[in-house]
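Q: curious how this folds, go ahead:
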Amino acid sequence: MPTRLLLTVLLVACGASAASASATTYVKFDTAHTLRSYPGNNAPQSDRPAVTPLAFLKAAKQAGMRRFDAYAHHPYYLKPHQTPRYRPPNGGGVVLGNIDALLRDLTKLYGRKPLWITEYGYQTWKPDRKFGVTWAKQAAYLKDAYKIARKHPRIDMMLWFMLRDDKSITKGWQSGFFTAGGKRKPSFDTFRKLP
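A: All right, here's what the predicted structure looks like:
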């Protein structure tokens with residue numbers, strides 16, 4: 001990422017103006033819900049700051065952000081029982097099941113910008129027993145997730161994270177189509193058959 005773009009993104013996230021960004025600068029804003037930060041506490045000065053995408057969009061607008069090309073989001077789940085259709089009960093947090101809330105606020109604040117899902121995935125419980133799902137559920141959730149995304153014409157990118165599981169359980173991620181040792185999971189064939 002070019003230094004100027006990174007600086008602009010950081011300035012906007014911290015509340016400064018991004019008016020000095022060049023008209024030709026490509027800008028993609030990215031928000032994520034991780035297993036640790038979802039649904040977001042909207043307390044940037046806290047010990048564990050996590051800002052929800054809806055709060056971020058509003059704050060960026062108030063801080064002076066006027067133009068960008070696409071908005072990216074990582075709508076990860078919090079608990080393994082949450083399917084791609086799960087809708088958080090209190091709003092604020094945005095997962096795939098309520099991605100319409102993000103699209104609504106994005107449209108209201110910035111017009112009909114594309115929404116990119118630049119990371120999405122379900123960890124498998126072999127090897128991750130805390131946040132993982134079975135291999136069969138991973139394949140089913142993959143198919144359902146892409147079906148949900150395709151219903152929204154403004155979601156023109158959705159990337160599954162990742163191809164092969166990390167070797168480290170504690171520091172890595174295990175949502176790949178292959179195990180760390182190279183064994184193919186059912187999600188590989190599901191992905192190949194997606195329309």
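Q: around the residue nearest to Phe178 when sequence neighbours are not counted, how many other residues sit close by?
A: Nearest residue to Phe178 in three dimensions, chain neighbours excluded: Arg164, at 4.5 Å (Cβ to Cβ, 6 or more residues apart in numbering). From N, CA and C alone the C-beta is placed, and that goes for glycine too. When neighbours are counted by other Cβ atoms under 10 Å, Arg164 registers 16.
Q: need the strands for the protein, in chain order.
A: Ranges of strands in the chain, per DSSP state E, are 28-33, 70-75, 115-120, 155-160.
Q: now for these, which one comes closest to Trp173?
A: Among the strands of the chain, strand 115-120 comes nearest to Trp173, with 9.6 Å by Cβ to Cβ.
Q: adjacent strands (with direction) for the closest one?
A: strand 70-75 (parallel), strand 155-160 (parallel) (DSSP bridges).
Q: can you get me a residue count around Leu194?
A: The number of residues near Leu194, taken as other Cβ under 10 Å, comes to 13.
Q: residue nearest the middle of this structure, spatially speaking?
A: Centroid check for the chain by Cα atoms, centre = their mean gives His74 as the closest residue, at 0.4 Å.
Q: my guess is that residue meets Trp116, correct?
A: No: look at His74 against Trp116 with Cβ atoms under 8 Å: they stay out of range, at 10.0 Å.
Q: off-centre distance for stretch 102-119?
A: 12 Å (Cα atoms, centre = their mean, to the nearest Å).
Q: what residues does that stretch touch?
A: 28, 30, 32, 53-54, 57-58, 61, 68-76, 94, 96, 99, 149, 152, 154-159, 161 (Cβ atoms under 8 Å, 6 or more residues apart in numbering).
Q: buried subset of the residues you listed?
A: 32, 53-54, 57, 68, 70-76, 94, 96, 99, 149, 155, 158, 161 (16 or more other Cβ atoms under 10 Å).
Q: packing partners for the top helix by length along the chain?
A: The single longest helix within the chain, with elements called by DSSP state H, is helix 135-150. Secondary-structure packing of helix 135-150 (3 or more Cβ pairs under 8 Å, 6 or more residues apart in numbering; DSSP states H and E): strand 155-160, helix 186-192.
Q: done for today, thanks.
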